[in-house]
Every structure is written in structure tokens, then in C-alpha cells.
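Peer 1: Got a predicted model here, sequence first, then my questions.
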Amino acid sequence: MGVLKLREFRLLFGAQAVSVLGDRMVAIALAFAVIELGGSASEIGIVLAVRTLPMVLTLLIGGVLADRMSRRAVMVGADLARLLSQGAIAALLIAGTAEVWMIAVLSGLTGAATGFFNPASTGLLPVIVPADRLQEANGVRATALSAGEIVGPAIAGVLIAAVGAGWAMAIDALTFAVSALFLLGLRLPDQVPRAASSFVADLKAGWSLFRSLTWVWTFVLAAAIGNLVWGAWSTLGPIVAEEDLGGAAAWGTVLGAIGVGALIGALVAVRVRPRGPLVVAGGSFVLMAFPLAFLAAGAPVALLAAAALLGGVSMVLGNAIWESTLMRHVPGEALSRVSAYDWFGSIAFQPVGMIIWGPIAALIGISPALWVASAVVLVTTVALLAVPAIRHLRDEPAVQPGV
């Protein structure tokens, strides 16, 4: 992994590695915090949705700002904001004074800060990594995601079972402080081209470029549907785990298996550069149907974990190839804005997915709801691969990404 010889990339990698560890603890800690407070599947969905919705609303603003000012400054500011919001949730839970609405509001603040962080992060990587090493860099970054997927849920499951969800939230808060310190150590180019027109004009220009690239918006649409569907896993999975699988520790094991698959996907992403990148990235989506189907079928923990592993491979391999393709084919001066529309489109329906699957399960049952979700994944994958722009895009950049 020669890209790790680059000092600035090592710092960015370190920042993301420690932050992802905490984030993956929160994925399970929030759900079981709500359960500890007597919440239902619908309330879990509402909390997760409230965490995501502000991120959707701030992504486009964050993308424009990241193309107009220091991307590092945007990222550090977001980290500090998340340190405060996650720390407040931890304090309330540990003190025993938390209520579901408090967790939801503070999670919303965390989500809003993340909406500024993500487009800036995407735009920063091509500044510090040569274009021909972006796939390797994204693959290596994905190892941080996969390691967090493995270790984070396992730690969270043990902490929740032993001392409660608040301590998992506290560790997540501290990871944002560490991330900010890593980012402050970056040495960046003195002059980086920035968007020079008005805020609104920049926003419109980003949209025009986004919608002109068929391969971009169709892939984002498929990801949007996938995130809508994955809400079934996020909201119904903890309920199934609590009722049938053995609780938080068992669910942590299953989520940890996603991390193992993510590690496999990351290692593959470091080594491959497919000529038809979006066929590989889009085709990998089919693996996401397996964990949903196995959860619907009432599979034991071991089999469910095996299916979750396949889902982890899909998540990281597909995302690493997608991000590398986006960075190589979109001009650097507009990359954060296009990335913001990518993030926005991909997760715009995620809050809806967090909300709807509880009521759907109440209406038709948890197992049928999960079968429906699995079927939607399969149909979406087939539809995406039928798009000519997806099949025909080749890994030969039409433009240099610039800085």
C-alpha cells in the first residue's frame, strides 16, 4: 500500500480511521439506547431519521462552502461540533436523565455537522493524492471503514451489555477530537483554485454538471433506493435481535461480520481497477439482498453473520470504486459540489426508510417487510445495470480532477 508513504494521506487516513471506529459504535448504541428507554421500532426509526435528515439538508450548503473555502477548515469545524453534540448525548445517558426526544435532537445536530464534513472530505483527497493512485487511496481508506465495522459494534455490544449505551457514545465523541487534531496537522498546497461566483450560482452550476452526467445521477438514484431499503435492516434488525437472537451482543456480532466483509471488499478495492468500474460497483449491490433475506428467514446468528459479511463486501468495494470514478471524471473545482449532490441524492430517502419500515412491519409483519426490502434490492440492481451510461463508462478520465 504505497499510498501510505504520503504523509498527508496518512494523517487523513488516521483521522477517518479513528472517527469511523466511533461511528460504528454509535450505529448500535443509538438503537439500544432507545430500547433501554422503552422505545419501539418506530421510535428507533425516528431517532435514526432525525440524525440523518439534517445531514441531508446541510449537504448542498456544505458542498458549496467546501468549493469556496478551506476544505480542511470545514472538516475541523464539523468534527468539533460533533464532539459537543455526541458528548452531550453521552453525558445524558450516563447520568440517567436522557429522554428519546433529547437523543433525537442532539443526533440531529451531529447529522447537520456531518453534512458539512462529507463533501469537503471527498474534495480534499484529490488534493493530496495523485489521480493515478486514487483507487488505491480509496481502498486503503475503506480498510478504516472495515476495521471500524468489525471492532466498533463488538466494543459497543460489550459496553452496552455491561454499562449501558452512554459509554459507547462517549468514546465516539472523543474520536472527533482526535480526528480534528490529525486534520490540523495536514500541510496543503498554498494556492487551491476556488469557485469565484455567487453562492447560488455555484449551487446551480453544481446541479447542472450533476444532471448532465447520466452515469452519475442514475448511480445515485440506485443508491438512494438502496438506502431507503436498508432502513429495514437498521430499524427492524435490532428488534429481531432483541426478541430472537440474544440481544445487543448478538446484534453486535452480526454488524461485526459486516465489518469483516468490508475488510475483504477494501482489500479487493486496493488491488483492482476494473475497466468498467460502474458495472462492478453497481453489480455488487446484489449482495445487499442476502442479509435482508436471511434476517427475514429467521436465520440463526452464524448464518445471518455470513450473509452480513457479503453485504459488507458490497458496501465497501462498490463505494471505493464509485468514489474513485467520481474523483477521476469530475473537475476538481466542482468536485465537492457534485459530491454534495451525490451524498444528498444517495441519502435523501434514508430518513424516510428509517421511519417507514416500523409501520410497514406493524402492518404486514417483520418478516414480510424484510422480504419486500430484499426484493427491491434485486430489482434496483438489474435496472441500474440496464442503463447504457453505466455499462459503457470506462476507467479513462475524461478530465483531470485538479485540486
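Peer 2: In hand now; what should we look at?
Peer 1: residues contacting Gly311?
Peer 2: Residues near Gly311 by CB atoms under 8 Å, 6 or more residues apart in numbering: Ile258, Gly261, Leu287, Met288, Phe290, Pro291. Where C-beta positions appear, they are placed from N, C-alpha and C, glycine not excepted.
Peer 1: after the one helix or strand the fifth one maps to comes which helix or strand?
Peer 2: Yep, that's Phe290 we're talking about. According to DSSP states H and E, Phe290 maps onto helix 289-296. For helix 289-296, the succeeding helix or strand toward the C-terminus, using DSSP H and E, is helix 301-329.
Peer 1: For the stretch 151-300 of the chain, give me the ranges with low pLDDT.
Peer 2: Applying pLDDT under 70 to the stretch 151-300 of the chain flags the ranges 189-197.
Peer 1: Show me the helices in it, by range?
Peer 2: Listed in chain order, the helices of the stretch 151-300 of the chain (DSSP state H, counting those that start in this stretch) span 165-184, 199-212, 214-240, 248-271, 277-283, 289-296.
Peer 1: tilt between the fourth one and helix 165-184?
Peer 2: Inter-element angle recorded for helix 248-271 and helix 165-184: 20 degrees (by axes from the mean of the first three to the mean of the last three CA atoms, to 10 degrees).
Peer 1: residues touching the nearest residue to Val330 once chain neighbours are set aside, list them.
Peer 2: Once flanking residues are discounted, Val330 sits nearest to Val338: 5.0 Å by CB to CB, 6 or more residues apart in numbering. The neighbours of Val338, taking CB under 8 Å, 6+ apart as the test, are Gly63, Gly206, Leu209, Phe210, Leu213, Val216, Leu326, Val330.
Peer 1: State the mean pLDDT of the helix or strand that contains Val338.
Peer 2: Element membership of Val338, judged by DSSP H and E, is helix 335-347. Helix 335-347 shows a mean pLDDT of 80.
Peer 1: and the following helix or strand past it, what does it pack onto?
Peer 2: As assigned by DSSP H and E, the chain's next helix or strand after helix 335-347 is helix 350-364. With contacts taken as 3 or more CB pairs under 8 Å, 6 or more residues apart in numbering; DSSP states H and E, helix 350-364 sits against helix 41-68, helix 214-240, helix 366-385.
Peer 1: How much space separates the residue nearest to Val330 from Thr381?
Peer 2: Distance, Val338 to Thr381, using CB to CB, to the nearest Å: 23 Å.
Peer 1: Next: Arg82.
Peer 2: To Thr381, Arg82 is 33 Å away according to CB to CB.
Peer 1: Tell me which of the two has more neighbours.
Peer 2: Neighbour comparison, Arg82 and Thr381: the larger count goes to Arg82, with 27 against 22 (by other CB atoms under 10 Å).
Peer 1: residues in contact with that one?
Peer 2: Shown in contact with Arg82 (CB under 8 Å, 6+ apart): Thr110, Ala113, Thr114, Phe117, Ala173, Phe176.
Peer 1: who touches the third one in this structure?
Peer 2: Taking CB under 8 Å, 6+ apart, we find Thr114 in contact with Met55, Ala78, Arg82.
Peer 1: between the helix or strand where it lies and helix 335-347, how big is the angle?
Peer 2: Per DSSP H and E, Thr114 falls inside helix 100-128. Angle, helix 100-128 to helix 335-347, by the same axes, to 10 degrees: 140 degrees.
Peer 1: Go through helix 100-128 and flag the buried ones.
Peer 2: Residues of helix 100-128 classed as buried by neighbour count (16 or more other CB atoms under 10 Å): 100, 103-128.
Peer 1: For Gly365, state which of the contacts of Thr114 is nearest.
Peer 2: Comparing the contacts of Thr114 against Gly365 with CB to CB places Met55 closest, at 30.8 Å.
Peer 1: burial measure for the closest one, as a count.
Peer 2: Count around Met55 with other CB under 10 Å applied: 24.
Peer 1: Relative to Gly62, how far out is it?
Peer 2: Applying CB to CB, the value for Met55 to Gly62 is 9 Å.
Peer 1: Give the intersection of the neighbour lists for the two.
Peer 2: Taking CB under 8 Å, 6+ apart as the criterion, Met55 and Gly62 both touch Gly115, Asn118.
Peer 1: buried ones in stretch 370-380?
Peer 2: For stretch 370-380, a neighbour-count test (16+ other CB under 10 Å) marks Leu370, Trp371, Val372, Ala373, Ser374, Val376, Val377, Thr380 as buried.
Peer 1: quick one: contacts for the residue nearest to the fourth one when sequence neighbours are not counted?
Peer 2: With CB to CB, 6+ apart as the measure, Ala232 is the residue that lies nearest to Ala373, at 3.9 Å, once sequence neighbours are left out. Ala232 makes contact with Leu292, Gly353, Trp357, Ile360, Ala361, Ala369, Leu370, Val372, Ala373, according to CB under 8 Å, 6+ apart.
Peer 1: just Ala308 next, same as before
Peer 2: Shown in contact with Ala308 (CB under 8 Å, 6+ apart): Val254, Leu255, Ala257, Ile258, Gly261, Pro291, Phe294.
Peer 1: ok, for the last one, nearest residue in space, not its chain neighbours?
Peer 2: If I follow you right, that is Phe294. Using CB to CB, 6+ apart, the closest residue to Phe294 is Ala307 (3.9 Å).
Peer 1: repeat for the fifth one
Peer 2: Nearest-residue entry for Gly261: Gly312, 2.6 Å, with adjacent residues in sequence omitted and distances by CB to CB, 6+ apart.
Peer 1: and if you look at the third one?
Peer 2: With CB to CB, 6+ apart as the measure, Ala305 is the residue that lies nearest to Ala257, at 3.7 Å, once sequence neighbours are left out.
Peer 1: now swap in the second one and tell me
Peer 2: In space, not counting the residues next to it along the chain, Leu255 is nearest to Pro153; the distance is 3.6 Å by CB to CB, 6+ apart.
Peer 1: Can you report how many residues lie near that neighbour?
Peer 2: When neighbours are counted by other CB under 10 Å, Pro153 registers 27.
Peer 1: residues contacting it?
Peer 2: Contacts of Pro153 by CB under 8 Å, 6+ apart are Arg24, Met25, Ala27, Ile28, Trp251, Gly252, Thr253, Val254, Leu255, Gly256, Ile258, Gly259.
Peer 1: Please apply the same query to Pro351.
Peer 2: Leu48, Ala49, Val50, Thr52, Leu53, Val56.
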